[in-house]
Every structure is written in structure tokens, then in C-alpha cells.
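**Q** turn this into a structure:
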Amino acid sequence: QVRLQESGPGLVQPSQTLSLTCTVSGGSITTSSTYWHWIRQPPGKGLEWMGAIGYDDTTYYNPSLKNHTSISRDTSKNQFSLQRTSVIPEDTAVYYCAGPGLVDMAYWGKGTQVTVSS
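**A** Modelled structure (predicted):
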């Protein structure tokens, strides 16, 4: 069974960079036709898809978040990462990683709380 685990700091100061990593076990992020996503949920709001990285290293972004968001991967560690620069308090959310479908995300991590505050 595929398992995903988010990791990263729980507190980020405004204007700094938020960096999270998702470690995947039970499957490879380079398996053909797999896609690996970042989604977030701000307090009191719904889920927001941020972007994804494909098995072929192609990246996809939510147009409303693209300017300050990047997704990359480390195939040697079977991990993919999220970076969001110049964060503001509105970036406070629970961040999830998920996969492996382009649309059908059958597997999710438990989520990690990130708070943007000084």
C-alpha cells in the first residue's frame, strides 16, 4: 500500500519561505502515469489544490498560486517537495500531499499544520 508522510517546520515567519517534503513509501514517484500533489486547507475553508509533479518531472500549478510556488522531487529518496516563497499569514493551513492519480488521489498523507506568524 502506498503511504505518504509530510514533514517540515510548523512555524514560518512572514516573508520567509515555506518548505515541505513528502516521503512516499510502497510505491515509486517515477512509476509511469503517476502524479504527486500538494493540497492545503486554511482554517475554516475548503481544500485548495496547489500543484503536482508527474512521473516524468512535469509540474502543474494552480494559476492563482503559481507565482510563489514550486514543486520538485528527489527520486533517490522517493520524495517530492513544496516551496512557497514570501509567505503571508493567509498561507496558514494544513498541508497535505497526495497521489498517485492525475485526478484521482487515492492516497493522502495525514497532513501537517503550518502557521505563518512572527
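**Q** only C-alpha atoms from now on, for both contacts and neighbour counts.
**A** Fine.
**Q** stretch 42-53: end-to-end distance?
**A** With CA to CA, to the nearest Å as the measure, the first residue of stretch 42-53 is 22 Å from its last.
**Q** so what pLDDT did the residue most central in space within the chain get?
**A** In the chain, the residue lying closest to the centroid (CA atoms, centre = their mean) is W38, at 2.9 Å. The score at W38 is 98. That number is its pLDDT.
**Q** does it touch M50 like I think?
**A** Yes - in terms of CA atoms under 8 Å, W38 counts as a neighbour of M50; the distance is 5.5 Å.
**Q** coming back round to it: my read is the residue nearest to the centre of the chain is in a strand, agree?
**A** Yes - residue state for W38 (DSSP: H, G, I helix; E, B strand; the rest coil) corresponds to a strand.
**Q** tell me who's in contact with the residue lying closest to it once chain neighbours are set aside.
**A** Spatial nearest neighbour of W38, excluding adjacent residues (CA to CA, 6 or more residues apart in numbering): C97 at 4.6 Å. By CA atoms under 8 Å, 6 or more residues apart in numbering, the residues touching C97 are L4, Q5, E6, C22, W36, H37, W38, I39, W108, G109, G111.
**Q** if we go to 7 Å?
**A** By CA atoms under 7 Å, 6 or more residues apart in numbering, the contact set of C97 is L4, E6, C22, H37, W38, I39, W108, G109.
**Q** before we move on, what about G111?
**A** E6, V94, Y95, Y96.
**Q** how near is the residue nearest to the centre of the chain to L4?
**A** 11 Å.
**Q** need the overlap of contacts for the two.
**A** C97, A98.
**Q** and the contacts of C97, which two are furthest apart?
**A** Pairwise distances across those peak at 12.9 Å for L4 and I39 (criterion: CA to CA).
**Q** okay, these two: which has more neighbours?
**A** Remark: of L4 and I39, L4 carries more neighbours, 22 against 18, as counted by other CA atoms under 10 Å.
**Q** who's that one bridged to?
**A** Listed beta-bridge partners, L4: V24 (assigned using DSSP bridges).
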